[in-house]
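Colleague: Would you be able to build a 3D model of this:
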Amino acid sequence: MRFGNNTAARGWDDLCSSVPNNARLAWEQITDDPRRWDSRQKPLQGSYASALVSGVEMEQWQYEVTSGGRIWYCIDEAKQTIWMTHAGTGHPKATE
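Modeller: Sure thing, here's the model as predicted:
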C-alpha cells in the first residue's frame, strides 16, 4: 500500500496515533484482500466509486477503521498496488 497524496499520509499518521490497533488491523486486512466485502470493508458508490491516481481511473473502496474514521483506497491491478486516497479519524466530509 502506498499513499496517493500527502493528505492521506497525514491522516494515516493521525489514525495510527489515535487508534493504533484498529489501524494495524485495517492495514493487514486491506493488504491481505483489498476486495473483501464485509461490514467494515466495501466499495464506495456513486461518484466516489472510482478516483484518479496518477492520471489512471481506478475503483475506490472504503475501510471503516472506527465509527467515524475511514480509509479510502484505490486498487491498481497493473502495478499490483493499493493507493490510499484518504485516511482520517473523522467521517469524510465529502460524504456527509
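
Colleague: Straight-line length of stretch 65-73, end to end?
Modeller: As for stretch 65-73, its first-to-last residue distance stands at 13 Å under the measure C-alpha to C-alpha, to the nearest Å.

Colleague: starting at the chain centroid, how far to it?
Modeller: On the basis of C-alpha atoms, centre = their mean, to the nearest Å, the separation between the geometric centre of stretch 65-73 and that of its chain is 7 Å.

Colleague: Same check on stretch 22-31?
Modeller: Using C-alpha atoms, centre = their mean, the distance from the centre of stretch 22-31 to the centre of the chain it belongs to is 10 Å.

Colleague: Any figure for the gap between the one residue sitting closest to the centre of the chain and Trp61?
Modeller: The centroid of the chain falls nearest to Trp72 when counting by C-alpha atoms, centre = their mean (2.5 Å). Trp72 sits at a distance of 7 Å from Trp61 (criterion: C-beta to C-beta, to the nearest Å). Yep, even glycine has a C-beta here, placed from its N, CA and C like the rest.

Colleague: Just give the closest residue to the residue nearest to the centre of the chain, not the sequence neighbours.
Modeller: Counting by C-beta to C-beta, 6 or more residues apart in numbering, the nearest residue to Trp72 once its immediate chain neighbours are dropped is His86, at 3.8 Å.

Colleague: Now name the helix or strand holding the one you found.
Modeller: Secondary-structure element containing His86, defined by DSSP states H and E: strand 81-88.

Colleague: Show me the strands paired with that strand, marking each as parallel or antiparallel.
Modeller: For strand 81-88, the paired strands and their directions (DSSP bridges) are strand 2-3 (parallel), strand 70-76 (antiparallel).

Colleague: Need the winner for burial among these.
Modeller: Ranked by mean neighbour count under mean count of other C-beta atoms under 10 Å, those are led by strand 70-76, which reaches a mean of 23.
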